[in-house]
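# predicted structure and sequence below. I'll ask about it afterward.
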Amino acid sequence: MLASLLGAVLETALNKGLKLSPELKHVLSKGQHKVLSVDIRDQNTCLAVTYTGINIHVLCPFDGEADCSISADLPTLLELKDPSQLTALIRQDKLDLEGDLALAQLYSNALATLDIDWAEHLAKYVGDGPAQVAVDAFHKLAHRAKQDGQVAKATLTGLFQDELKVAPHPLEFQQFKQQVRTLNNQVESLNQRLSALLQQNKGN
Amino acid sequence: MKESQDNTTHFGYKTVETDKKASMVADVFHSVAAKYDIMNDLMSFGIHRLWKRQTIACSGVRAGHKVLDLAGGTGDLTARFSELVGDKGQVVLGDINDSMLKVGREKLRDSGLVGNIEYVQMNAEMLPFDDNTFDVITIAFGLRNVTDKDKALRSMYRVLKPGGRLLVLEFSKTDNEALAKLYDMYSFTLLPAMGKLVANDSESYRYLAESIRMHPDQETLKSMMDEAGFEQTDYQNMTGGIVALHRGFKF
Ligand SMILES: C[S@@+](CC[C@H](N)C(=O)[O-])C[C@H]1O[C@@H](n2cnc3c(N)ncnc32)[C@H](O)[C@@H]1O
């Protein structure tokens, strides 16, 4: 459900960008009705984008056939805002690509022409204050994710838990929070075990 | 729902003659059609939009596909499918109730969608199509209203193309006790009250609440789908199991 919500927010934002930029329409029309799937590895989420000639649709969580599938962690995917990075990232083995390379290139180009005010879009859902907090948190997160994927995951879940008061259903969020807490604890104890092991190693 | 020996079936919690259920269900939806969309948003706090998004994301729909949005009502799923299948594809909005179809048609026409949508009045139990017609069939919040669900599932299987998928989005059973209690309170007290306030029709909304409780749980529905011939059936719970999305393939 969180994935659906994320997809909905992303879709609204992209379509707003589309409305404001005729150039974007032109770029995307070359890939009309083609489906690009994006596997966000560190978030265990797969989404797909497609442009129908009218709107951009974000399908999330995606389960279907795509013309091009890419897979990478979130920080790497964000680098695609610079279209020249695509092939470099593939070469560095940071990003897997299957299918139509031109389609991925096309969306990378599209991303480059987009200047989305994410805070504004989130504000629609959550009000101004939390939106700015969420966006700032997201930027920080993207930066930190480079250093530590594990922490990034906890932060992202925490972000949705605390900053975005969009709760699809208050009860669902209660449940969800509990799960996050458990996950946090598990990550924490894993961390401790790892440092203990590292210490041991040093000792030997 | 299984018919019992004496030809009765469930209408919410009431037991009625099997051949009467369809027309009683029809009355419910004639009566809610005009206010259906606004009630949907109110009743689910808007979450039904997310449930529907998830259904479409899991449908594997592609440009050029032929889609049946069964019990499609006011056409929420149809609207999105219509865009996704494009000019070369087609979406059939099928519903047994002409009031719902009419509201759906007007709504979709107002939003500029026309070209590839067909509106057909039909009963899910006897789909008026050739074998192997559709790439995707969805039935969202519709199956629980159908009198003979097994027959309906077999009918859907028949008109699905090999390689196609069926998605059943429907209220289901939550195994969280606290959630179940709250949900009961909500749907038997608050929901009919809202129904009365907004649509001046608490009876219909009481029927909705009752019909949800009488609907088979996740595993039962899954085995019904297996029984009808579907393969690789699975389901995912949403909102703590209050809603489940079942999926099955035909190969
Ligand atoms: C709760 S509405 C769902 C509408 C829409 N799919 C949605 O999710 O918003 C249920 C619909 O099922 C239709 N329906 C009930 N029994 C049916 C049957 N036997 N065959 C086809 N449609 C049926 C009703 O007319 C009604 O429009």
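That came in fine, so what should we check first? This structure is a prediction, so every number in the text was calculated from the model and none was measured.
# could you list the domains of chain A?
With automatic domain parsing as the criterion, the domains of chain A are listed as A:2-113, A:119-203.
# ok, of these, where does mean pLDDT dip lowest?
Note on those: lowest mean pLDDT is at domain A:119-203, with a mean of 59.
# for the stretch 1-150 of chain B, which residue gets nearest to the ligand?
Residue nearest to the ligand within the stretch 1-150 of chain B (Cβ to the nearest ligand atom): residue B:73, separated by 2.6 Å. For every residue, glycine as well, the C-beta is placed using N, CA and C.
# check chain A too.
residue A:4 (15.0 Å).
# so where does the closest residue to that residue other than its chain neighbours fall, helix or strand?
The shortest distance from residue A:4 to any non-neighbouring residue, by Cβ to Cβ, 6 or more residues apart in numbering or on different chains, is to residue B:50 (4.2 Å). Assigned by DSSP states H and E, residue B:50 falls within helix B:48-57.
# which strands or helices does that helix pack on?
Applying 3 or more Cβ pairs under 8 Å, 6 or more residues apart in numbering or on different chains; DSSP states H and E, one finds that helix B:48-57 makes contact with helix A:2-20, helix B:36-44, helix B:76-85, strand B:134-140, strand B:160-171, strand B:231-238, strand B:243-249.
# make a markdown table out of these and add mean neighbour count.
Formatted as a markdown table, the helices and strands packed on helix B:48-57 follow (neighbours: other Cβ atoms under 10 Å in any protein chain shown):
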| stretch | mean neighbour count |
| --- | --- |
| helix A:2-20 | 19 |
| helix B:36-44 | 17 |
| helix B:76-85 | 24 |
| strand B:134-140 | 26 |
| strand B:160-171 | 21 |
| strand B:231-238 | 16 |
| strand B:243-249 | 22 |
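# out of these, nearest to residue B:148?
When those are compared by Cβ to Cβ, strand B:134-140 sits nearest residue B:148, at 13.9 Å.
# gap between the closest one and the chain center?
Taking Cα atoms, centre = their mean, to the nearest Å, one finds the center of strand B:134-140 at 10 Å from the center of the full chain.
# strands paired with it, and their directions?
strand B:66-70 (parallel), strand B:160-171 (parallel) (DSSP bridges).
# the residue nearest to residue A:4 touches residue A:2, doesn't it?
No: counting by Cβ atoms under 8 Å, residue B:50 stays clear of residue A:2, with 9.4 Å between them.
# still on that earlier bit, wait, which of the strands paired with strand B:134-140 is closest to residue B:9?
Among the strands paired with strand B:134-140, if distance is taken as Cβ to Cβ, the winner is strand B:160-171, at 17.4 Å.
# and the contacts of that closest one?
Strand B:160-171 is contacted by residues B:51-52, B:55, B:58-60, B:66, B:132-144, B:153, B:156-157, B:212, B:215, B:221, B:225, B:230, B:242-251 when judged by Cβ atoms under 8 Å, 6 or more residues apart in numbering or on different chains.
# that strand and the ligand, any residue contact?
No: for strand B:160-171, no contact with the ligand is found by Cβ under 6 Å from any ligand atom; the gap never falls below 7.0 Å.
# so the residue of the stretch 1-150 of chain B closest to the ligand, which of the three states?
Secondary structure assignment for residue B:73 (DSSP: H, G, I helix; E, B strand; the rest coil): coil.
# can you report how many residues lie near it?
Neighbour count for residue B:73, taken as other Cβ atoms under 10 Å in any protein chain shown: 27.
# what's residue B:60 sitting at in phi/psi?
Residue B:60 adopts backbone torsions of phi 70, psi 20, taken as degrees, to the nearest 10.
# what sits against it?
Under the criterion of Cβ under 8 Å, 6+ apart, the neighbours of residue B:60 are A:63, A:64, A:65, B:136, B:165.
# check residue A:200 too.
Counting by Cβ under 8 Å, 6+ apart, residue A:200 has no contacts.
# could you do residue B:249 as well?
B:163, B:164, B:165, B:166, B:230, B:231, B:232, B:233 are the contacts of residue B:249 under Cβ under 8 Å, 6+ apart.
# out of these, which is nearest to chain A?
Taking Cβ to the nearest Cβ as the measure, chain A lies nearest residue B:165 of these, at 9.3 Å.
# partner residues bridging that closest one?
Taking DSSP bridges as the rule, residue B:165 bridges to residue B:136, residue B:249.
# tally of neighbours for residue B:19?
Neighbours of residue B:19 (other Cβ under 10 Å): 10.
# please report how far it lies from residue B:29.
18 Å (Cβ to Cβ, to the nearest Å).
# please apply the same query to residue A:10.
Distance from residue A:10 to residue B:29, by Cβ to Cβ: 34 Å.
# one more: residue B:139?
The spacing between residue B:139 and residue B:29, counted by Cβ to Cβ, is 14 Å.
# where is the longest helix in chain B?
helix B:18-32 (DSSP state H).
# now tell me what touches that helix from outside.
Here helix B:18-32 makes contact (Cβ under 8 Å, 6+ apart) with B:3, B:7-11, B:16, B:36, B:39, B:73, B:96-97, B:99-100, B:123, B:145, B:147, B:195, B:199, B:201, B:204-205, B:207-208.
# out of the residues you listed, which sit inside strands?
Residues from the contacts of helix B:18-32 lying in strands, with DSSP state E as the criterion: B:8, B:9, B:10, B:11, B:16.
# buried among those? Make that a PyMOL selection.
Entered in PyMOL, the line below selects the buried ones among these, by 16 or more other Cβ atoms under 10 Å in any protein chain shown:
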select buried, chain B and resi 9+10+11
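# can you pick out the most distant pair from the ones in strands among the contacts of helix B:18-32?
Spanning the widest gap among these are B:8 and B:11, at 9.4 Å by Cβ to Cβ.
# what residues does chain A have near chain B?
A:1, A:3-5, A:7-8, A:33, A:35, A:47-48, A:50, A:52-55, A:57, A:59-65, A:168-169, A:171-172, A:175 (Cβ under 8 Å from any Cβ of the partner chain).
# residue B:66 and residue B:247: what is the separation?
Taking Cβ to Cβ, one finds residue B:66 at 18 Å from residue B:247.
# show me where pLDDT drops low in the stretch 101-250 of chain B?
Along the stretch 101-250 of chain B, segments meeting pLDDT under 70 are nowhere present.
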